[in-house]
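> Prediction below, plus the sequence it came from.
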Amino acid sequence: MPSFQTSPGTRDILPPDAARWREFNAIFADTVEAAGYGCIIPPMFEDAAVFHRIGEATDVVSKEMYDFQDKGGRHVSLRPEQTASVCRAYAQHRPTTPWKVWYTGPNFRYEKAQAGRYRQFDQVGIEALGVYDSALDVEVIALAWKFYQRLGLLNVQLFINSLGDDGDRERYVEALRNYFLSHADALTPEACQTLNKNPLRVLDSKRQGDAEIIAGAPKITEFLSDSARQHFEEVLEGLRVLGIPFTQNEHLVRGLDYYRRTTFEFVSTALESAQNAVGGGGRYDGLVKDLGGPDTPGIGFALGLDRTLLACDAEGVFGAPSSSVDVFVVDVVDGTYALSVTSELQDAGYSADRAFDARSMKAQMKSADRSGARFAIIIAQDEVARGSYTIRDMTSAQQQLVAKGDLVEFLTRNLGARTPRRHPS
RNA sequence: GUGGGCGUAGCUCAGUUGGUUAGAGCGCCAGGUUGUGGUCCUGGAGGUCGGGGGUUCGAGACCCCUCGUUCACCCCA
């Protein structure tokens, strides 16, 4: 056993998996930037009070916060999500609206790890602030849907619900509380505890014993104001226009207290583990105001990177990219030729690797094979004397001599032209 | 936080009712007429059996504690 290993709920993402993560983020960025969302990078920790706005009664705040006092006595917390940070950023910088941003990065929750759940977990997401229009709800949901499609996921189901406005939500919660209290003897003890903290979340119970009572509970739809109801209808109609299939679920309440009106969740039906929600989001029209900013509507979603990749595995799509270099330089002279040839080829835009420690030609060829390189460039005394290097095509095993000054031209002919990525001047 | 399963080589795992120097496959390294990979053959390196305590003449096997991991609950992505 090694002396040190990763802390519980954290892990190393090694190659080639990390390359897969990068690809995941790149596809996400392409998808949402095409709709006008700009990248935002909020800090990984901030004043714990920012996150308390998520809701004191939520598990995320009451028992999962990674909070501590810093050396200056400030009470800070590692972010458990990024929505609150984005709203804090909006209140702090007051950008013009609509303000549409996207993010990626790790979040932290002190939970016990299990399949698809970690203490440090990555999410990608978008937030759009300053717009009440239901068309924005549709755009946000559609972008998540589009992204899943681009990954190749087929077995993702969209559940959607409306929690109404502030007043609707309060009246509904009250009605639920009364209903559940009158049936408290038939509920599981766990559900009764939840009832004390937040009656809404009793609806979320997966326990068999609660199913019957929940089925008879009042429906949110009966409490929606006319404007909230109309807004919701418009969202559903927009989804139909785009041909995005959805299932209305009146029990979808989600665990964060700031949600208003539209809430939605993406569930992978390919996942057999308990954590099968791969993404979720909704409107949070009061959150910016709660954080001391102007009364500003907002909507967004977050997708769990780890879970979405688990879903990809379950469906056999979006595998880790195969990593390979263009050429592998085998130098059995003294290693200095490999040094300059790899450098020269890299400057020309080709990826080139080599072996170290003056290993035998056989050993170097083995490394060349493992590197996945299409060509091995072999340099021994003979080649040095001739000023031409042996190039071996690793797939056909054909070899030929190429003058050392013609290497780039040879690769251009066989692999296509390349130029290294540079910052445009 | 609660409950169940599991910790033996880098990886996947064997290891008989407790009994000598703990094994295999894969991977890695080195050889197989010294200029050549992917197949094959031979050899080699690599383990304080998660850690600590206990029972015993003797523990990788049994007991306790602990740490880690995994699955589930709770909750969430």
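Good, I have the coordinates. Numbering: from 1, shown residues only, chains lettered A, B, ... in the order given.
> Residue of chain A closest to RNA strand B, please.
Minimum separation of chain A from RNA strand B (Cβ to the nearest atom of the strand) falls at A:Gly255, amounting to 0.9 Å. (Each C-beta comes from the backbone N, C-alpha and C, glycine too.)
> Leaving out chain neighbours, which residue sits closest to that residue?
A:Thr58 (5.7 Å; Cβ to Cβ, 6 or more residues apart in numbering).
> what about that neighbour, how many neighbours?
Burial of A:Thr58 is recorded as 21 neighbouring residues (other Cβ atoms under 10 Å).
> So which elements touch the regular element (helix or strand) spanning A:Arg307?
Secondary structure assigned from DSSP states H and E places A:Arg307 in helix A:305-315. Applying 3 or more Cβ pairs under 8 Å, 6 or more residues apart in numbering; DSSP states H and E, one finds that helix A:305-315 makes contact with helix A:17-33, strand A:120-129, helix A:134-151, strand A:260-268, strand A:277-283.
> Serialize the ones you listed to TSV and add fields for mean neighbour count, distance to RNA strand B and mean pLDDT.
Shown next, in TSV, are those (neighbours: other Cβ atoms under 10 Å; distance: least, Cβ to the nearest atom of the strand, whole Å; pLDDT from 0 to 100):
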stretch	mean neighbour count	distance to RNA strand B	mean pLDDT
helix A:17-33	16	13	96
strand A:120-129	24	3	97
helix A:134-151	20	11	98
strand A:260-268	24	6	94
strand A:277-283	25	4	95
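> Between these, which one is closest to A:Gly300.
Closest approach to A:Gly300 among the helices and strands packed on helix A:305-315 (Cβ to Cβ): strand A:120-129, 3.6 Å.
> The closest one to strand A:277-283, inter-axis angle?
30 degrees (axes from the mean of the first three to the mean of the last three Cα atoms, to 10 degrees).
> Just give the strands next to strand A:120-129 in its sheet, each with its orientation.
strand A:99-108 (antiparallel), strand A:298-304 (antiparallel) (DSSP bridges).
> The first one: which residues count as buried?
Buried residues in strand A:99-108, counted by 16 or more other Cβ atoms under 10 Å: A:Trp99, A:Lys100, A:Val101, A:Trp102, A:Tyr103, A:Thr104, A:Pro106, A:Asn107, A:Phe108.
> Same list, those residues, but as CSV with pLDDT and distance to RNA strand B please.
As requested, those are arranged in CSV below (pLDDT from 0 to 100; distance: Cβ to the nearest atom of the strand, whole Å):
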residue, pLDDT, distance to RNA strand B
A:Trp99, 98, 21
A:Lys100, 98, 19
A:Val101, 98, 17
A:Trp102, 98, 15
A:Tyr103, 98, 13
A:Thr104, 97, 13
A:Pro106, 96, 10
A:Asn107, 96, 8
A:Phe108, 95, 9
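> Which of the helices and strands packed on helix A:305-315 sits closest to A:Gln69?
strand A:120-129 (20.7 Å).
> Where does pLDDT dip in the stretch 301-425 of chain A?
For the stretch 301-425 of chain A, no stretch has pLDDT under 70.
> got the residues of it near RNA strand B?
Counting by Cβ under 7 Å from any atom of the strand, the stretch 301-425 of chain A comes close to RNA strand B at A:302-304, A:306-307, A:332, A:359-363, A:365-370, A:376, A:378, A:380-383, A:390, A:392, A:394-395, A:397, A:399.
> Which PyMOL command selects the buried ones in those residues?
For the buried members of these, the matching PyMOL selection, counting by 16+ other Cβ under 10 Å, is:
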select buried, chain A and resi 302+303+304+306+307+332+365+367+368+376+378+383+390+392+394
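> JSON lines please, covering the strands paired with strand A:120-129 and showing distance to A:Tyr350.
Formatted as JSON lines, those follow (distance: least, Cβ to Cβ, whole Å):
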{"stretch": "strand A:99-108", "distance to A:Tyr350": "30"}
{"stretch": "strand A:298-304", "distance to A:Tyr350": "35"}
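> Can you tell me which of the ones you listed is nearest to A:Asp353?
A:Asp353 lies closest to strand A:99-108 among those, at 28.9 Å (Cβ to Cβ).
> what helix or strand is A:Gly209 on?
Secondary structure (DSSP H and E) places A:Gly209 in helix A:208-215.
> Run through who's touching that helix.
A:Phe180, A:His183, A:Ala186, A:Leu187, A:Thr188, A:Ala191, A:Val202, A:Leu203, A:Ser205, A:His251 (Cβ atoms under 8 Å, 6 or more residues apart in numbering).
> And for stretch A:7-17?
Contacts for stretch A:7-17 (Cβ under 8 Å, 6+ apart): A:Thr6, A:Trp21, A:Glu111, A:Lys112, A:Ala113, A:Tyr118, A:Arg119, A:Gln120, A:Ala320, A:Pro321, A:Ser322, A:Ser323.
> Which ones among those residues lie within helices?
Members of the contacts of stretch A:7-17 lying in helices (criterion: DSSP state H): A:Trp21.
> Which of the contacts of stretch A:7-17 are buried, as a PyMOL select command?
The buried subset of the contacts of stretch A:7-17, as determined by 16+ other Cβ under 10 Å, is captured in PyMOL by this line:
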select buried, chain A and resi 21+111+118+119+120
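> among the contacts of stretch A:7-17, which two are most distant?
A:Lys112 and A:Ser322 (35.0 Å).
> hey, where'd the helices end up in the stretch 151-300 of chain A?
Taking DSSP state H, counting those that start in this stretch as the criterion, the stretch 151-300 of chain A carries its helices at A:166-182, A:189-197, A:208-215, A:226-242, A:287-290.
> How about A:Pro218: what's its closest non-neighbour residue?
With Cβ to Cβ, 6+ apart as the criterion, A:Pro218 has its nearest non-adjacent residue at 4.8 Å, and that residue is A:Ala175.
> what's the neighbour count on the one you found?
When neighbours are counted by other Cβ under 10 Å, A:Ala175 comes out with 17.
> before we move on, what about the one 10 residues further on?
One way to gauge burial is a neighbour count; for A:Asp185, by other Cβ under 10 Å, it gives 7.
> which residues does it contact?
A:Asp185 neighbours (Cβ under 8 Å, 6+ apart): none.
> Tell me the spacing between it and A:Cys192.
9 Å (Cβ to Cβ, to the nearest Å).
> Tell me the helices and strands packed up against the helix or strand hosting A:Val76.
Here A:Val76, judged by DSSP H and E, is contained in strand A:75-78. Applying 3+ Cβ pairs under 8 Å, 6+ apart, we find strand A:75-78 packed against strand A:45-47, helix A:48-52, strand A:66-69.
> For these, give me JSON lines that also has mean neighbour count, mean pLDDT and distance to RNA strand B.
Listed next are those as JSON lines, based on neighbours: other Cβ atoms under 10 Å; pLDDT from 0 to 100; distance: least, Cβ to the nearest atom of the strand, whole Å:
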{"stretch": "strand A:45-47", "mean neighbour count": "17", "mean pLDDT": "96", "distance to RNA strand B": "17"}
{"stretch": "helix A:48-52", "mean neighbour count": "19", "mean pLDDT": "94", "distance to RNA strand B": "13"}
{"stretch": "strand A:66-69", "mean neighbour count": "14", "mean pLDDT": "92", "distance to RNA strand B": "12"}
